[in-house]
Each structure stands twice: as structure tokens, then as C-alpha cells.
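Student: any chance you could fold what I've pasted below:
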Amino acid sequence: MTSRPQPGTAEWDAYLAEGNARQARKRVAADVILRDVTGRVLLVKPTYKEGWDLPGGMVEANESPLDGAMRELWEELRIRPHIRGVLTMDWDPAHGPWDDQIVLIFDGGELAPEVAAALAPRDEELSACVFFTQEDAIAALRPRIRRRLVQALEALKANEARYLESGHQPW
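Tutor: This next block holds a predicted model:
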């Protein structure tokens, strides 16, 4: 039987790194609900996949979900809204070639009229960004994202955060 290395040593760091390399990892995405003064919801049209989506994207390794959401909003739209909190955390099961992931949706609040009017895609990952009525935004999204948006909007109205699995509350 080998003994465990002592904390603070190079052997300890190697021991922890080996354990870290063997543990399961989850992909994490962070999206943001942004609204204009009339309550319409901003959707974006990615160039790398079909259909409309919520602004945001994948969180990078060792980046917080909040930092990832803010980075994506800056890269794609050149905005830094005030994030008011988490609306939903959704476990998205494996689908197609993708492993499962955790998707957080943050409340980005209401954009000032001049900010909303000036929105435009700022990099090659987006071809459009448009404010939709809540009903039209829900209808424009793919089913998995649609369920997530419905739950996030309900959480916003109820002033609560919700845990979801595949876009549904499990209880």
C-alpha cells in the first residue's frame, strides 16, 4: 500500500492533478434574457447552427458562468448589461453527438432604448439579432430552447430561480 503524498509538495500537486483528470466534466453554457422597454426578448441568429437562439454561449475552461455570459455578450454584441441573477439552471441530457451539459440563463434586465436600438452582430458567429414579443420568441426557438425560455420567463415573473432537467421542473 502506498501512502498518500503530503499537502504542499510536488507529489501532492501531481496526486491532485491525477484525480482532477479522472473526474467527470460537464459542458456549461450561459445564456442571458435581455429585454427592451416594451418587454420584447432579444434573440440571436448564429451562423454555425440553424435557427434562433438566446444570446450567450459556451463557458470556457476555468471561466465562471457569469464571466462566460458577459464575455459572449461583449464578443457578439458589444454590450455589458447589468446581470440581475440566475433565472434557470437546466441539466440538458446528451443529444446527437453532444454529451450532457448544464445551461444557466441569467436575467440581463431591460436594455436602455438607445442600447437596444444600436444592437447589431459584432462578430462572425451571429448573422442577426432581433427583439421578439415573448410569444413570438417562444415560437421561434427549437423545442429544447423553447422550454428553457418559457421556464426562464415564468421564473422572472415569479422572482425566483428554477432548477430544470431538459427544460422541465423535476418536481
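Student: just the residues contacting the helix or strand harbouring residue 104, thanks.
Tutor: Using DSSP states H and E, the element containing residue 104 is strand 101-110. The contact list for strand 101-110 (Cβ atoms under 8 Å, 6 or more residues apart in numbering) reads 26-37, 54-56, 65-66, 69, 73, 81-92, 148-149, 152, 156. Using the backbone N, CA and C atoms, a C-beta is placed for each residue, glycine as well.
Student: which of these are buried?
Tutor: For those, a burial check counting by 16 or more other Cβ atoms under 10 Å picks out 28-36, 54-56, 65-66, 69, 73, 81, 83, 86-90, 92, 148-149, 152, 156.
Student: quick one: distance of the strand holding residue 104 to the chain centre.
Tutor: 5 Å (Cα atoms, centre = their mean, to the nearest Å).
Student: now the helix or strand following that strand: buried residues?
Tutor: Using DSSP H and E, the next helix or strand after strand 101-110 towards the C-terminus is helix 113-118. Buried residues in helix 113-118, defined by neighbour count with 16+ other Cβ under 10 Å: 115, 116.
Student: contacts for helix 113-118?
Tutor: Under the criterion Cβ under 8 Å, 6+ apart, residues 36, 37, 42, 79, 131 lie in contact with helix 113-118.
Student: helices or strands up against the host helix or strand of residue 157?
Tutor: Using DSSP H and E, residue 157 sits in helix 143-158. When contacts are defined as 3 or more Cβ pairs under 8 Å, 6 or more residues apart in numbering; DSSP states H and E, helix 143-158 packs onto strand 27-35, strand 85-92, strand 101-110, helix 134-140, strand 162-165.
Student: for the longest one, output the C-alpha coordinates as CSV.
Tutor: To tie it back to what came earlier, the one meant is strand 101-110. As requested, the backbone C-alpha atoms of strand 101-110 are provided in CSV (Å, rounded to 0.1, in the frame of the first residue of the first chain):
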residue,chain,number,x,y,z
GLN,A,101,-24.4,19.9,-20.2
ILE,A,102,-25.6,22.5,-17.6
VAL,A,103,-27.2,25.6,-19.1
LEU,A,104,-27.7,28.7,-16.9
ILE,A,105,-30.0,31.5,-18.0
PHE,A,106,-29.3,34.9,-16.4
ASP,A,107,-31.6,37.9,-16.2
GLY,A,108,-29.9,40.7,-18.2
GLY,A,109,-32.7,43.1,-17.5
GLU,A,110,-34.1,45.8,-19.7
